[in-house]
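J.: Here's a sequence, model it:
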Amino acid sequence: MSQPTSRRGLLFGGAAVGATALLAACTSNEPAEAKEEKNDAAPAAEESGKHVTIGFAGPQADHGWLNAINVQAAQRAKKYSDITLEKTEGSNDTATQIGQIDTLINKKVDVLVILPADGKALTQAGLKAMRAGIPVVNLDRIFDTPQAYRCWVGGDNYGMGLNAGHYIGEKLKDKKNAKVIELSGPDSLELTKQRTQGFDDALKNYPNIKKVARQAADFTVESGQAKMAQLLQAQKSFDACWNHDDDQGVGALRAIDQAGRDGFLMVGGAGARSAMDHIKADDGVLKATVLYPPTMAASAIDLARALGQGKGISGLSESEIPTQLTLYSAVVDKDNIDQYLPNGFK
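T.: Predicted coordinates for the structure are as follows:
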């Protein structure tokens with residue numbers, strides 16, 4: 001462990017190693033499988049240390065995944081006797097979230113964890129905190145400049161698409177002239193473009209497979225149902241569908257049931273409990289989902305605590321925490337569903 005250091009020195013001095021790692025590597029020396037199976041396992045560095053007040057600012061929990069982010073952060077903080085968590089009221093309004101972050105800065109919290117409603121729009125808030133000597137853990141939606149955070153932790157959107165494409169590709173590799181469709185998220189979001197790019201790049205490895213249609217929904221049940229209905233009407237037959245988001249997938253499955261369609265496999269995205277329940281029951285076309293783990297919020301709390309106490313990460317040689325932590329997007333199907341089911345979000 002490093003010797004105690006000033007917050008300003010921690011922010012702007014020294015060489016912090018950048019890392020792309022599994023979520024479990026951040027918090028434990030246990031194998032990744034054990035960590036994913038039960039997220040309530042004791043965090044690393046369990047021994048109490050210097051008390052740390054962590055400010056947490058996130059968007060409104062108007063989506064199952066965002067609600068799971070809040071739950072994961074709060075539950076993780078409760079596991080430490082040396083943490084006080086100061087949470088803001090979630091908001092999707094940029095001005096409101098900036099004001100909430102200003103309040104946390106004025107309270108002189110030790111570390112800030114920020115999941116911005118809009119990474120670009122909230123960059124100045126991150127910079128303000130860093131310049132005030134408060135290290136920032138930027139959660140998922142990244143700020144415009146690395147000067148606005150000490151550490152970024154988030155999911156791998158490109159990897160989601162890549163793993164979905166390879167999963168479908170392996171299932172269809174022996175089928176001649178296989179056809180797939182894609183139900184994406186909003187095209188206005190960079191994450192959607194990354195997921196689609198990963199999917200398309202994976203399919204290039206399977207020359208027998210052609211993507212024949214794509215529709216963009218907006219991560220809601222209603223849009224998923226409407227856009228899936230359009231795809232089903234336009235495509236009388238296909239072999240697989242990748243849906244970017246399990247919440248909109250609820251609507252997509254509804255459209256599939258109403259149309260009486262089957263004979264293809266569907267892969268979802270994010271890791272909702274409803275999707276996992278269907279996968280375990282094997283009661284329809286949904287055969288797998290690709291994770292975008294909300295457990296990243298628990299890791300953000302671990303990282304914030306380490307920053308506040310001037311510590312590194314158990315299992316790594318460096319005395320400082322990494323500058324980046326990208327979570328792996330595992331594919332969950334009937335073969336490993338029991339391992340991941342406890343972390344399915346509602």
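J.: Give me the contact list for whichever strand or helix holds G55.
T.: In this structure, G55 sits in strand 52-57 according to DSSP states H and E. Defining contact as C-beta atoms under 8 Å, 6 or more residues apart in numbering, one finds that strand 52-57 is touched by 73, 77, 82-88, 97, 100-101, 104-105, 107, 109-115, 134, 301, 304-305, 308-309. Bear in mind the C-beta positions are built from the backbone N, C-alpha and C, glycine included.
J.: Sheet-wise, list the partners of it with their directions.
T.: strand 83-87 (parallel), strand 111-114 (parallel) (DSSP bridges).
J.: Go through the ones you listed and pick out the most buried.
T.: The highest average neighbour count among these, using mean count of other C-beta atoms under 10 Å, belongs to strand 111-114 at a mean of 28.
J.: Dump the C-alpha coordinates for that strand into CSV.
T.: Extracted in CSV, the C-alpha atoms of strand 111-114 (Å, rounded to 0.1, in the frame of the first residue of the first chain):
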residue,chain,number,x,y,z
VAL,A,111,-14.2,11.5,-3.3
LEU,A,112,-17.0,11.9,-6.0
VAL,A,113,-18.6,9.1,-8.0
ILE,A,114,-20.4,10.6,-11.0
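J.: and the next helix or strand after it, what other elements does it pack with?
T.: Following strand 111-114 in sequence order, the next helix or strand is helix 123-131 (DSSP H and E). Judged by 3 or more C-beta pairs under 8 Å, 6 or more residues apart in numbering; DSSP states H and E, helix 123-131 is in contact with helix 94-106, strand 111-114, strand 136-139.
J.: And the ones you listed: which comes nearest Y158?
T.: Y158 lies closest, by C-beta to C-beta, to one member of the helices and strands packed on helix 123-131: strand 136-139, at 18.2 Å.
J.: which helices and strands does the closest one pack with?
T.: strand 111-114, helix 123-131, strand 151-154, helix 296-309.
J.: try it again with 10 Å
T.: Packing partners of strand 136-139 (3 or more C-beta pairs under 10 Å, 6 or more residues apart in numbering; DSSP states H and E): strand 52-57, strand 111-114, helix 123-131, strand 151-154, helix 296-309.
J.: ok, and which of the ones you listed has the densest surroundings?
T.: Of the helices and strands packed on strand 136-139, strand 111-114 is the most buried (mean count of other C-beta under 10 Å), at a mean of 28.
J.: follow-up on the earlier one: and the strands paired with strand 52-57 as JSON lines, adding mean pLDDT and distance to K50?
T.: Formatted as JSON lines, the strands paired with strand 52-57 follow (pLDDT from 0 to 100; distance: least, C-beta to C-beta, whole Å):
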{"stretch": "strand 83-87", "mean pLDDT": "97", "distance to K50": "10"}
{"stretch": "strand 111-114", "mean pLDDT": "98", "distance to K50": "12"}
